[in-house]
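Engineer: Attaching a predicted model along with its sequence, questions to come.
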Amino acid sequence: MDKRSKALRRRMIEIMHLGGRGHLAPAMSLVEIVRVLYDDIMRFDPENPQWEARDRFILSKGHGCLAQYAMLEDKGFITCDDACCFCKFDGILGGHPERDKIPGVEASTGSLGHGLSIGVGFALAARHAGRDNRVFVVMGDGECNEGSVWEAAMSASKNRLDNLVAMVDYNKQQSYGTTTEVLDLEPFADKWRAFGFACVEVDGHDVDALREVLSSVPAEKGRPTAIICHTVKGKGIPFIERDLTWHHRTKLSDELYNSLIEAVS
Amino acid sequence: MRKTCLNCIYDIAREHEDVFFVGSDLGYKTLDDFKEEMPDRFFMEGISEQHVIGMAAGLAMEGKTVYVNTIATFLTRRCFDQTAMDLCLHNVPVRLVGNGGGMVYAPLGPTHMAIEDIAIMRALPNMTVVAPCDAEEMARFMPQTVDWEGPIYIRLGKGYDPVVSKPELGFTLGKGIPYREGKDVLLVSTGVSLHGCIDAADLLAEKGVSAAIMHSPTIKPFDDELLLSMADGVKAVVPVEEHTVIGGLGDAVGAALLASGRTSLPAFRKVGIPDVFTENYGSQKELMRHFGMDGEGIAKTVMDLIA
Ligand SMILES: Cc1ncc(C[n+]2csc(CCOP(=O)(O)OP(=O)(O)O)c2C)c(N)n1
């Protein structure tokens, strides 16, 4: 893991600690996905978050917001003070991201299974306006249990939205257990293809591979793209990787905090 | 309270072979003992609330009693049509157990704050709505869910709330509880709002105002009779709920008073969350204070009303 990935993780741990709680493991599996999107792929202007031609990013698995918050701070959408008030009474950063509160957040999420439909709306609006911006929606694998994800998928493909990219953080775990235990998604790539998407798979922690895949979307002209990112829940901190007690945590002791920081130093 | 509720479900299931449990994607190890001992009656079906409710309805139509558990907002909002049609229209014995009713999940924002659950559940024909105030009241209530006809929505509080319910007052599903006597004003509580009402009544007593408390864990059917008898002769009635002021306990109380046909009615004001999505995060306690639902806030509302 390179310096930047570690630094982002460190910042996420700090923000979580300041808020006294957070979905740490779900955010850790997202770091490289979010990083590559913001560093190399998406078009945006932190000085003008409402710039019409910006690419739209929806973190449909809103509980992974620590990864997005660290990135928004890094890019200058929000300040260090904002980050320090994570989950505080008067803060703008809550346990899930909210539009109209946080610059750079396009849709309020946290109820799973909403993002892709909103993304379809964004993509249709872009086409209608003749804009060439793209829409990136990041979902959890457990999130894909929701029927609404597949309703949105059918609509995206019916409308031939090749400006829409659905990314799945496929860490093979959800809240209660593994995805195979709770509700198996396999054959997952075939499902997306059957729903009319061009589907590619990638190692969701390999920055170069992500860059390559994301640089060549749409994967097929005239179709929405699905990118299945193979990831590890809790990635980067060995003692929380794949440990479901880290799905959501409150009351982080100083000792635990120090060992988390140490793990990404 | 949540732990007690789940333990009760486990106990009930051990005694009744027709009792099933269905979760969506709950916390790691939730009801592990149930799963181990009665695996054929334990289901964790994924983040698919609409399906989970429909599936529970199907089981119930086949004679099972089904306990469904997930976070309150998703259990009420995310599958409302299934609840209305599959559960309520068919009037089947499914028990919806909603974690984190009210503002328990304050730091997680509007997606997780169940502030209109009572209103939307209460609006459905055949639905019973219950919000116990603490773990012990929960334990007295749960055994009564086994044979109750039709669906029940059960709103859970935070857990580890201080115990304020009194065993000697008992618990009867569908009945209110005359919690405290008083002659000047009547406070009406449901769920954990009883805590704030007790604090308020103490504060009011210091000011020479004698406040009665009617605790109403069952919001629907609402105990009009107890309300009207306790409201007899008081100057003001103030219902308090951790919920929007639209469509919840306050409206049940107000409607009962108006429908009583009495010519002189007490002053009336609802304490609850105004008609907004909460702008703040922080803690449940901070938000309660913010909305004037702690003891001080309630006492102030009462004093303003009777001034
Ligand atoms: C509609 C809805 N139901 C339930 C939840 C509660 N919940 C939050 S995160 C989560 C698990 C998500 O799993 P997944 O999408 O795989 O993301 P991961 O945390 O594993 O990365 C659940 C059930 C929710 N936020 N929204």
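Structural biologist: Received, thanks.
Engineer: When you work out contacts or count neighbours from here on, use the C-alpha atoms and nothing else.
Structural biologist: Noted.
Engineer: Residue numbers of the stretch 101-250 of chain A in contact with chain B?
Structural biologist: With Cα under 8 Å from any Cα of the partner chain as the criterion, the stretch 101-250 of chain A comes near chain B at residues A:109-112, A:142-147, A:174-177, A:182-183, A:244-245.
Engineer: Quick check, central residue of chain B?
Structural biologist: In chain B, the residue lying closest to the centroid (Cα atoms, centre = their mean) is residue B:131, at 2.1 Å.
Engineer: How about the contacts made by it?
Structural biologist: Applying Cα atoms under 8 Å, 6 or more residues apart in numbering or on different chains to residue B:131 gives the contacts B:154, B:155, B:156, B:190, B:191, B:192, B:217, B:218, B:219.
Engineer: ok, the residues you listed vs residue B:5, which is closest?
Structural biologist: Nearest to residue B:5 out of the contacts of residue B:131 is residue B:156 (Cα to Cα; 8.4 Å).
Engineer: Relative to residue B:75, how far out is the closest one?
Structural biologist: Distance, residue B:156 to residue B:75, using Cα to Cα, to the nearest Å: 12 Å.
Engineer: in which helix or strand would I find residue B:178?
Structural biologist: Per DSSP states H and E, residue B:178 falls inside strand B:177-180.
Engineer: Number of residues surrounding the nearest residue to residue B:149 once chain neighbours are set aside?
Structural biologist: Residue nearest to residue B:149 in three dimensions, not counting chain neighbours: residue B:93, with 6.0 Å by Cα to Cα, 6 or more residues apart in numbering or on different chains. Neighbour count of residue B:93, defined by other Cα atoms under 10 Å in any protein chain shown: 27.
Engineer: check which helix or strand covers residue B:205.
Structural biologist: Residue B:205 belongs to helix B:193-206 when assigned by DSSP H and E.
Engineer: Equivalent analysis for residue A:139, please.
Structural biologist: Going by DSSP H and E, residue A:139 is part of strand A:135-140.
Engineer: Please tell me how far residue B:96 sits from residue B:6.
Structural biologist: Taking Cα to Cα, one finds residue B:96 at 12 Å from residue B:6.
Engineer: quick one on the thing from earlier: please spell out the ChimeraX selection for the buried subset of the contacts of residue B:131.
Structural biologist: In ChimeraX syntax, the buried subset of those is picked out as below (16 or more other Cα atoms under 10 Å in any protein chain shown):
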select /B:154,155,156,190,191,192,217,218,219
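Engineer: could the contacts of residue B:131 go into CSV alongside pLDDT, distance to residue A:63 and secondary structure?
Structural biologist: Listed next are those as CSV, based on pLDDT from 0 to 100; distance: Cα to Cα, whole Å; DSSP: H, G, I helix; E, B strand; the rest coil:
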residue, pLDDT, distance to residue A:63, secondary structure
B:154, 98, 25, strand
B:155, 98, 23, strand
B:156, 96, 22, coil
B:190, 98, 30, coil
B:191, 97, 28, coil
B:192, 96, 27, coil
B:217, 98, 32, coil
B:218, 98, 33, strand
B:219, 98, 32, strand
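Engineer: Go back to the contacts of residue B:131 and keep what's next to the ligand.
Structural biologist: Residues of these in contact with the ligand (Cα under 6 Å from any ligand atom): none.
Engineer: Go through the contacts of residue B:131 and say which is closest to residue B:124.
Structural biologist: Of all the contacts of residue B:131, residue B:219 has the smallest distance to residue B:124: 12.7 Å, by Cα to Cα.
Engineer: Quick check: residues of the stretch 101-250 of chain A near the ligand?
Structural biologist: For the stretch 101-250 of chain A, the residues in contact with the ligand (Cα under 6 Å from any ligand atom) are A:110, A:111, A:112, A:140, A:141, A:142, A:143, A:173, A:174, A:175.
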